[in-house]
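J.: just coords:
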Ligand code: ES4
Ligand code: ZN
């Protein structure tokens, strides 16, 4: 209990958060009504009861259905502002936010509508609450790579992108498919991250490092299956953004007690805890940290280590890092 209060009050950093995954049922239904979108849920309870997943794909189906209610700049603004309000409540001082532009483009929504809404909320949160952020454009790996370079250039014209990421259905969609756009992003001076080793094999983590030249791995929990890979991750001190509630909800591990985060810490890996899609997985950052540390019987030193890791792994300014350390 004492450590719960410690977790809540310590300054924190979040590095793996999909903004579309913060769409709480209440807001989902409100936006659906406002934009005249039909959903298979008649109320908040029936939406919540649909949030039961057997794997990543079964989650993604529900997640993309939810994202379809986001239509206007105001929707993106309100969604982002609500998450940042949570950050304020939770003591998160810096957050790195993924968004999935291809989903919205496929609904006929212009990129500047999506980015405009998100960026206004980010600017306000920095100004009003001192919460800094980095915006990361994710490419959906189960789509064609063909249009990604022009999408990247469109986003650069709008501005405000700190980096690119790679998300969505991992199996059958290896990182190598996106080599060109990641090379372009590197040349543009953008940061690069990728989901790898969530459902996919260690080989995908190798590819993300060697071919996409990513600076962090999102999830990466399957790295422990490959000792050579662990060695590489240790040598280069590559951060891994682990999302415990997500892994349990998507059946990567049967329960929190079986999660390998403790083993990853003990191996000396540069791990961080994150919430991924908190509206769908049952908790925000503090809940993830508290339950995981409890279930794995870790202690306050691990919490401090995890948050030091997150600060170090973040793309925020060195000034802000100093302020948080
Ligand atoms: C995601 Cl948990 C997860 N994995 C892959 N892609 C995603 N997009 C949103 N959440
Ligand atoms: Zn994710």
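T.: Nice, I can see it. Because the structure is predicted, anything quoted here is derived from the model rather than measured. Ligands and ions are numbered 1, 2, ... in the order given.
J.: How much space separates the residue of the chain at minimum distance from ligand 1 from residue 237?
T.: Residue nearest to ligand 1 within the chain: residue 167 (3.5 Å; CB to the nearest ligand atom). (C-beta placed from N, C-alpha, C; glycine too.) Using CB to CB, to the nearest Å, we find residue 167 at a distance of 23 Å from residue 237.
J.: before we move on, what about residue 283?
T.: Taking CB to CB, one finds residue 283 at 28 Å from residue 237.
J.: Compare those two and say which one has the larger neighbour count.
T.: More crowded of residue 283 and residue 237, by other CB atoms under 10 Å: residue 283, with 15 against 12.
J.: ok, and the closest non-adjacent residue to the more buried one?
T.: residue 245 (5.4 Å; CB to CB, 6 or more residues apart in numbering).
J.: shouldn't the one you found be in contact with residue 280?
T.: No - look at residue 245 against residue 280 with CB atoms under 8 Å: they stay out of range, at 9.2 Å.
J.: Output the contacting helices and strands for the helix or strand harbouring the residue nearest to residue 283.
T.: Per DSSP states H and E, residue 245 falls inside helix 244-249. When contacts are defined as 3 or more CB pairs under 8 Å, 6 or more residues apart in numbering; DSSP states H and E, helix 244-249 sits against helix 278-281, helix 285-295.
J.: any idea of the mean pLDDT for it?
T.: Mean per-residue pLDDT for helix 244-249: 98.
J.: hmm, that helix in reach of ligand 1?
T.: Yes - on the criterion CB under 6 Å from any ligand atom, helix 244-249 is in touch with ligand 1 at residue 246.
J.: Alongside ligand 1, which residues does the stretch 101-250 of the chain contribute?
T.: Checking the stretch 101-250 of the chain against ligand 1 by CB under 6 Å from any ligand atom, the hits are 167, 168, 195, 198, 246.
J.: Max pairwise distance over the residues you listed: which two?
T.: The two members of these with the most space between them (CB to CB) are 168 and 246, at 13.7 Å.
J.: Just want to know which of those two has more residues nearby.
T.: Taking other CB under 10 Å, residue 168 and residue 246 do not tie; residue 246 has more neighbours (26 against 20).
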